[in-house]
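Chemist: okay, here's the prediction I keep looking at, along with the sequence it came from:
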Amino acid sequence: VDDARSLLTALASTAGVTVAVVMDRDGFVIDWAGETGVDAEEIAAVTSSLLESSERIGSDLGRGAVRSVILEFEEGAALIMGTGGTTRLAVVLRDPADAAAARSLVREGMSALERV
Amino acid sequence: MVYAVAVRLLIRRLSLLRWTAATLGLWGIHVLIGALADVAVADIAPSRAGVAATDPFPPPAILGLVWVPLLLVPLRDVIRGQSPRPAARRSPGRGAESGHGNGAGPLAAGPRVASGTSRPGIASASRTPAVPASEDRQGTERPVIRQTGPVPRPSRAPREPAERSAALRSTTDGEALTRAAASLSPNPLDEAVHEASPIVMRVSFDRVAGQLPAEAFQVPLARIGPSLTEPGHLLIPRPLVLAQLAEGFVRAEWKVVAEQFPRHMLSLTDVEVAARLADGHLVLPLDELVSQLPRDLLAPSGPPIQAESIESVPAPFQPVSAAPDEAGGRREPAPDLSSMGAAVESLRSTHAWSSPAREEPSAEVAVLEESEPLPVVVGALDMEPGSQLAGDLAPWDRTDTAPAPDDAPPRRRAKGREIGAVVDTVAAALAPLSPLGVAVEAVDDATLLTASGPGSRAISEAVPAFLPLLADGRAPWPVSQLTMWDAESVLILTPLCAMRRGGAVLVSTVAPGRAVAAVERLSLRAAAAGLSIAISPRTDPEVAEAYEETDLIEMEPSTQNREIAASLDALGPVALSVLREATALRDFYLFLPPGSDIRMTCRFVAQLDKAAGQRDGAGRAFHTAVLRCGGRRRLIVRLDRPAPGRRAIVVAGGETERAGLALRQVEAAAQRLGAR
């Protein structure tokens, strides 16, 4: 995985992944890949807002920047990753059990995300 | 003969027939008493052995003559042919005591107005302490209650107590309800509105059914409603409601409503049902009750609230516009909060945005207008959409400074309930952002609903300059949202209605990098959910002609320009145009979908650039504007001011699913073109 597009494609083809979205710090979509009919803009806006709130918590606790947030729902999960740059990544999964594989893949491509 | 005289003396204005009948009746009773007395004396006499036989004392004839005429007192009304006098005919003092003090009657435990305890007045009269019944009986001044507006069920109640009682019986079928209402009629708060509104109020049975124990009925609760005295509703005496209204909730004991339920459907006794109710009461839906009250009953009767001191409240609880206006006094001072209703919907039209040509009739236009001082209200605007309270806000009543042409279509005035509902919806929609408050203010012809999220800096003073750009026909595409960036803030303007000579705009401010996209979407959602004002067509060619014409010269794009155009793939296919403005030293680089009106776009961007440059006197200016034009279409404008001299303004538009990427590409294009 050497660029953001490749990372998104790899994530979208991972079992259990519905959609993967790269967005900027404002929550606007930079790129996305996944199932058709998914509102990537909504995912980007919502998850970016959540990550921003989480970063404030990390700051208040003196624990630095947020690396990732995992949300487990009754019917799926969402993995939100911050990067050292100006981008963020959100991955929506059908099953929380699939989060591990997606997370591993994201870590491999983190450097590509930071270059976006 | 004696009885005939007695009847005549005690009961005046009696017909001959009734006089005769009464005399004969009394005589008959006299004979009956005399006979019974003789029998009693005869029975007693043998047992009185040893006692001298004497005439009975008192003699039966004397007994009849003394006692029989006394029957005329209770039978007076019967002999007259009238019904016995109701309890309400008593003096107010007695009525109040007997109706409330002794706990008798179905409503005795409800309104305790006459118990002598001081309680607040009703609803808006909360500043006016309620007058205890004991004081009221002595003629103490009552709360002012006016009745001028329509009432839910207008009925002219009779003035005479007997007639009033009859009216009560005709209003409700429940005998207990009638008795209770009649006994409470002396309620001082009630009397003022008695003549114009019904004595009973209705609440939907479905709203209270959940409080009833299901085991109390032999049939499912769903089948109870249609079988009530008034199907689907419970009837509540209005005095009971008025007495509790100031407390913010209204309850009723089971015995108030018990007789409205078919007895054959009950499986428990009244005592058992009452014991199973929470705290022995049914809590009634306040919104339904309030909506049935005469509107003036809720109008403030005291002096207006003095709100000047609110400016001394420290941040962040300060009104948004409480700070002195540095831009020339377009803001108005903090308003009288008592006029909140009018404030919410007020607008001024001293600065018309458009030429008279824009007033041509084309569609229904929502007119937002008001002549009162500009209001600023910050805080909880807790109005339920569609509620009577919200609907009772004063409508716009003002004459236009610029009269509409004779052939103009009738304008639909935006009612207070519409704006109130929008405010309510906006506040709910923005709740995830934890805004400090939704402020409502009027600027020029527009109502601004301002929500500032945490960490944002108030930049709403910049808003008025952008409002004309949101008007119909100004932009090449209809504008559903305008987002402006400067180095420290992001200003998001979301029209809540068609913008012509005014309108309502949601103004949100956030810090860059702090969920701008989320705020944009929430604002659009609020606009969509709260929108109740018709959207009029945006196509208005004359508006474009009314713009200041810009002297534009079309230039030949360079190779670099074409390379840049090719790099803007996030916006779909775009055509490059370069126009030079001879007088203002601006070059416009337009990357727009093929077929776009580039000159109209340039005129709009010129106005936008002018508005963005007027940011403030501290050197801050907006550098980027993004117009969301419905769906995924966006128009991105870079308005950088890197140095004095000729400037390059980059304009790119199209449909995109990657708004963030489009922004970055336009930013890069501006850098390559020397705009940054």
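Modeler: Everything's here; your move.
Chemist: quick check: bridge partners of the residue sitting nearest the centre point of chain A?
Modeler: Note on chain A: the residue nearest the mean C-alpha position is residue A:90, at 2.0 Å, using Cα atoms, centre = their mean. Beta-bridge partners recorded for residue A:90 (DSSP bridges): residue A:21, residue A:80.
Chemist: do residue B:448 as well
Modeler: Here residue B:448, judged by DSSP bridges, has bridge partners residue B:441, residue B:505.
Chemist: so what's it up against?
Modeler: By Cβ atoms under 8 Å, 6 or more residues apart in numbering or on different chains, the contact list for residue B:448 reads B:439-442, B:460, B:463, B:504-507. Heads up, the C-betas are built off the backbone N, CA and C, glycines and all.
Chemist: quick check, nearest of those residues to chain A?
Modeler: Nearest to chain A among the contacts of residue B:448 is residue B:506, at 16.5 Å by Cβ to the nearest Cβ.
Chemist: which residues touch that closest one?
Modeler: Shown in contact with residue B:506 (Cβ under 8 Å, 6+ apart): B:426, B:448-449, B:451, B:492-496, B:523, B:526-527.
Chemist: distance check, the closest residue in space to residue B:212 that isn't next to it in sequence against residue B:228.
Modeler: Excluding the flanking residues, the one nearest residue B:212 by Cβ to Cβ, 6 or more residues apart in numbering or on different chains is residue B:221, at 6.4 Å. Distance, residue B:221 to residue B:228, using Cβ to Cβ, to the nearest Å: 11 Å.
Chemist: then residue B:589?
Modeler: 73 Å.
Chemist: over to residue B:471?
Modeler: 54 Å.
Chemist: cool, and residue B:622?
Modeler: 63 Å.
Chemist: more neighbours, those two?
Modeler: residue B:622 (28 against 19; other Cβ atoms under 10 Å in any protein chain shown).
Chemist: need the three-state assignment for that one.
Modeler: Following DSSP: H, G, I helix; E, B strand; the rest coil, the label given to residue B:622 is coil.
Chemist: what does the pLDDT read for residue 112?
Modeler: With no chain named, the answer covers chain A. Residue A:112 is assigned 77 on the pLDDT scale.
Chemist: my question was about chain B, not that one.
Modeler: So, for residue B:112, pLDDT stands at 34.
Chemist: just residue B:90 next, same as before
Modeler: pLDDT, residue B:90: 39.
Chemist: picking up where we left off before, tell me which residues touch the residue nearest to residue B:212, please.
Modeler: Contacts for residue B:221 (Cβ under 8 Å, 6+ apart) come out as B:209, B:212, B:214.
Chemist: next, count neighbours for the last one.
Modeler: Using other Cβ under 10 Å as the criterion, residue B:214 is surrounded by 13 other residues.
Chemist: without its sequence neighbours, what residue ends up closest to it?
Modeler: residue B:221 (6.0 Å).
Chemist: any stretches of chain A with poor pLDDT?
Modeler: A:1-2 (pLDDT under 70).
Chemist: which residues in it form helices?
Modeler: Assigned by DSSP state H, the helices in chain A fall at A:4-12, A:40-61, A:99-108, A:110-114.
Chemist: which residues does the first one contact?
Modeler: In other words, helix A:4-12. A:1, A:17, A:19-22, A:30-35, A:87, A:91, A:102, A:105-106, A:109, A:112-113, A:115-116.
Chemist: got it, and the last one?
Modeler: Around helix A:110-114, the neighbours that count as contacts under Cβ under 8 Å, 6+ apart are A:1-4, A:6-7, A:22, A:81, A:83-85, A:87, A:89, A:106.
Chemist: identify each buried residue in that helix, please.
Modeler: For helix A:110-114, a neighbour-count test (16 or more other Cβ atoms under 10 Å in any protein chain shown) marks A:110, A:112-113 as buried.
Chemist: do the same with stretch B:648-668
Modeler: In terms of neighbour count (16+ other Cβ under 10 Å), stretch B:648-668 has its buried residues at B:648-654, B:656, B:658-667.
Chemist: so who does whichever residue of the stretch 451-600 of chain B sits closest to chain A touch?
Modeler: Nearest to chain A in the stretch 451-600 of chain B, going by Cβ to the nearest Cβ, is residue B:517, at a distance of 3.2 Å. Contacts of residue B:517 were listed using Cβ under 8 Å, 6+ apart, and they are A:23, A:26-28, A:41, A:44-45, A:48-49, B:659.
Chemist: looking at the residues you listed, which is nearest residue B:285?
Modeler: residue A:49 (36.0 Å; Cβ to Cβ).
Chemist: that closest one contacts residue A:28, doesn't it?
Modeler: No - in this structure, residue A:49 is not within contact of residue A:28 by Cβ atoms under 8 Å, at 11.9 Å.
Chemist: would you reformat the helices of chain A as JSON lines and include distance to residue B:26?
Modeler: Formatted as JSON lines, those follow (distance: least, Cβ to Cβ, whole Å):
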{"stretch": "helix A:4-12", "distance to residue B:26": "106"}
{"stretch": "helix A:40-61", "distance to residue B:26": "91"}
{"stretch": "helix A:99-108", "distance to residue B:26": "101"}
{"stretch": "helix A:110-114", "distance to residue B:26": "110"}
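Chemist: of all the ones you listed, which lies closest to residue B:604?
Modeler: helix A:40-61 (24.8 Å).
Chemist: quick one: buried residues of the closest one?
Modeler: For helix A:40-61, using 16+ other Cβ under 10 Å, the buried residues are A:40-41, A:43-55.
Chemist: next one: stretch B:639-650
Modeler: For stretch B:639-650, using 16+ other Cβ under 10 Å, the buried residues are B:639-641, B:647-650.
Chemist: in strands only, show me the residues you listed.
Modeler: Here DSSP state E is the test, and the buried residues of stretch B:639-650 give B:647-650 as lying in strands.
Chemist: which ones are touching residue A:80?
Modeler: A:47, A:50-51, A:68-71, A:88-91 are the contacts of residue A:80 under Cβ under 8 Å, 6+ apart.
Chemist: kindly recompute the last result at 7 Å.
Modeler: A:47, A:50-51, A:68-69, A:88, A:90 (Cβ atoms under 7 Å, 6 or more residues apart in numbering or on different chains).
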